[in-house]
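Asks: output the structure for:
(chains A and B, ligands or ions: 1)
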Amino acid sequence: MKNLLSAGQLSGAQAVEILDIAEGMADVNDREIKKLPTLRGKTVVNLFFEDSTRTRISFELAEKRLSADVINFTAKGSSVSKGESLKDTAQTLEAMGADAVVIRHSASGAANVLANSGWINGSIINAGDGTHEHPTQALLDAYTMRKRIHGSASMGKTLEGVKVAIVGDILHSRVARSNLLLLNTLGADVHFVAPPTLLPSDSSNFDAKLHYSLDEMLLKEQPDVVMMLRIQTERMNASFFPTEREYARYWGFNAQRLGQLKKSAILMHPGPMNRGLEIDAVSADSAQSTVLEQVANGVSVRMAVLYTLLSGERNANAS
Amino acid sequence: MPAKSIKENYVLKNVMLADGSSADIQVVGDKISAIGSGLEAERQIDCSGLVALPGFVDLHTHLREPGFEQSETVLTGTQSAALGGFTAVHAMANTMPVADTAGVVEQVAALGTEAGYADVYPIGAVTVGLEGKQLAELGAMANSKAQVKVFSDDGKCVYDPVIMRRALEYVKTFGGVIAQHAQEPRLTDGAQMNEGAVSAELGLTGWPAVAEESIIARDVLLAEHVDSRLHICHLSTAGSVEIIRWAKARGIKVTAEVTPHHLLLTDELARTYDSVYKVNPPLRTQKDVEALRAGLIDGTIDIIATDHAPHPIEAKDCEWNAAAFGMLGLEIAASVAQEVLIESGKSSWTRLAEVLSKNPAAIAGDLEQGQELKAGAVANIVLIDPTTKRKVVADSASKSKNSPYVGLELPGAVRHTIYRGYFTVEDSKLAEVGNN
Ligand SMILES: [Zn+2]
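Replies: Okay, the predicted model is just below:
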């Protein structure tokens, strides 16, 4: 495997292997000296065309813990806004000898374009492309679910039979798309919950059950995992729903809905949260919430991805 | 027209006509002087195995000049047209400056005459600057030396229903026609590809079929109400075909075109995120492709028009959202038409000649184009080798390279194009013509 562009490219075995490697990385992260020499001498560029301090910091920490040389390249604006073009930037990074580029871009498919363009030879890791995919988020979410469900016996496990409800702005969510693909690969049962305005008009290629009502879904499906998606501010005044209050009433997670969850169920959010909109404080800070674990697991999973793509001896006979 | 044609006197031996019969065609000067058997002249060109059709007429070409000469010029665009078997093109108005005055349309027409590869008929803008707010000087363009009869804001929809109504009414003064780019702007804000199952997966903003169909429905009703002639550009959806079929059955004076790419390609290609497949209206689904093909065969759709839209490399060598809409089409249209009408076994060369020559000339009122091949007609002739299979290559007379067909195998090849008596393409190669 040279690139990680889509959660859908991973086979079940590959996904489980990355999650297992992440278990090992988590042990490193618990040590006093949180550092491995694995990527010494390798240059990793974090190429962010879109602000996302959280994701960048998570990758940066992962890269540094693997002893890579890290360059942060924040390109203001894309060629859409007549800023620096993707091509020029990629060619510059190639000239600098980047071994891997972690790219975040507002355009769907930007990571695919970079990987297929011939502009750059290094590995490409998609850190979120428009409303398309965010595969490392899906991996860290899967890792988090597996850890909560199987604890110290997680190694080698899939998510067979786990019922996951993803709630909110499915239409514009790269987190939802990547999770859908990876969760299906790992054997989970995926449910999407959203107002019809925030679902694609044709979801027939989505291997998920669709629900409009969050309460009905909770009652009927008794999910093992509920994942709340962030509502972006630009949706709020575009008539996707009448008001934030109404959205919170029907599709927000709150203490009352928390009470309907199975005791063993977990509540996830990729962050950053709009507290009081898609999730209330009681739920976000409850014992069932995994929000902070997701952040910590993100570093381990990204270390595992970098290790899988970049450690030389493994690449020799990889696909 | 270039003086060269006066000297022409030759016979095309053993062509196959659209009806399947065999004949010789004699050309003297810029006219067909005789069609029959055993015709003789000093110069004889063996055309055994070649189908002879009236020169093709493209009702929808973006020649880009003036203003975007890095993409295409009238010369390179008409050279590309000639290679595709065209003897006339209609140049869309979205140039810089916009073709919304007599001065600009006369300039474009003059560039076409100077180039000498095809008749260049400028299309005039419907509204000033294509802004959809105020009618352009339609009468001045119609009465200019360019004699504009077709008006379009193509690239943009004439969205305001009152402006559309007035335009439809006003062009009746001089027998003009409005060619509508049907796209409801609010429903397509930021749209990147067909809205459907594939756009849902790819996370690209959808361009829903209803945005096209709702405008077509509105405009056929407007055309009926004011009893005017309406032409719909680049039909792309099954629903649009249904609406046109209904409108024609009702007696509404509407004509419709389909592009080669909408007859062949689908939105599945967007999965590559290769923006060579980005076009407006977007590539649709297989179901739409099939409905468009059926509509072309049964006469609901009147013509194939290329919407040849050249773009420089930098406009496509980028992420999908940032890329320009549009693709080349002039050099591939005849092969796609052959694939859909002939190879399918569902139609005929006669129909192919209608949709690529006779009908577009009739819609635009081009009196010296689209004529039946017969004695006395202007010698606009294309000769096609129907048996060749060709793998499409990037090489083209166009200044641009944005062809979505590269690598596909398509039937047929244009061997010769004869424009007003002289060869613009001979043995599939551009000929030196006119003042160049
Ligand atoms: Zn158009």
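Asks: neighbours of B:Asp227, how many?
Replies: 11 (other CB atoms under 10 Å in any protein chain shown). (C-beta placed from N, C-alpha, C; glycine too.)
Asks: same check on A:Asp88?
Replies: 13.
Asks: so it sits in a helix?
Replies: Yes: under DSSP: H, G, I helix; E, B strand; the rest coil, A:Asp88 falls within a helix.
Asks: what pLDDT does residue 83 get?
Replies: Picking chain A for this. Per-residue confidence at A:Gly83 stands at 54 (pLDDT).
Asks: chain B was what I was after
Replies: pLDDT at B:Leu83 comes out at 98.
Asks: and A:Ser319, by the same measure?
Replies: Looking at A:Ser319, its pLDDT is 39.
Asks: report how many residues lie close to residue 183.
Replies: I'll assume chain A. Neighbours of A:Leu183 (other CB under 10 Å): 26.
Asks: actually it's chain B I care about, not the one you picked
Replies: B:Gln183: 22 neighbours (other CB under 10 Å).
Asks: that one contacts B:Gly155, correct?
Replies: No: checked against CB atoms under 8 Å, the pair B:Gln183 and B:Gly155 is beyond contact range at 9.4 Å.
Asks: quick one: the strands in the stretch 1-150 of chain B, in order.
Replies: B:9-16, B:22-28, B:31-36, B:43-46, B:51-54, B:56-61, B:86-91, B:119-122, B:150-151 (DSSP state E, counting those that start in this stretch).
Asks: about what we covered before: give the residues shared as contacts by B:Gln183 and B:Gly155.
Replies: Counting by CB atoms under 8 Å, 6 or more residues apart in numbering or on different chains, the residues touching both B:Gln183 and B:Gly155 are B:Asn280.
Asks: what is the burial count for the residue of the stretch 201-350 of chain B found nearest the ion?
Replies: Residue of the stretch 201-350 of chain B nearest the ion, by CB to the ion: B:Cys233 (5.0 Å). Per other CB under 10 Å, the neighbour tally for B:Cys233 reads 24.
Asks: so who does it touch?
Replies: Counting by CB under 8 Å, 6+ apart, B:Cys233 makes contact with B:60, B:152, B:154, B:179-182, B:257, B:305, B:307.
Asks: and the residues you listed, which of them are in strands?
Replies: B:60, B:179-180, B:257 (DSSP state E).
Asks: any chance of these in CSV with distance to A:Asn112 and pLDDT as columns?
Replies: CSV is the format used below for the ones in strands among the contacts of B:Cys233 (distance: CB to CB, whole Å; pLDDT from 0 to 100):
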residue, distance to A:Asn112, pLDDT
B:His60, 31, 98
B:Ala179, 36, 98
B:Gln180, 35, 98
B:Glu257, 33, 98
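Asks: got CSV for the residues you listed, with neighbour count too?
Replies: Output for the ones in strands among the contacts of B:Cys233, formatted as CSV (neighbours: other CB atoms under 10 Å in any protein chain shown):
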residue, neighbour count
B:His60, 28
B:Ala179, 28
B:Gln180, 30
B:Glu257, 26
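Asks: for these, which one is nearest chain A?
Replies: B:Gln180 (24.4 Å; CB to the nearest CB).
Asks: show me what that closest one is bridged to.
Replies: Here B:Gln180 sits in beta bridges with B:Ile232, as judged by DSSP bridges.
Asks: look up how far A:Arg275 lies from it.
Replies: Taking CB to CB, to the nearest Å as the criterion, B:Gln180 is separated from A:Arg275 by 49 Å.
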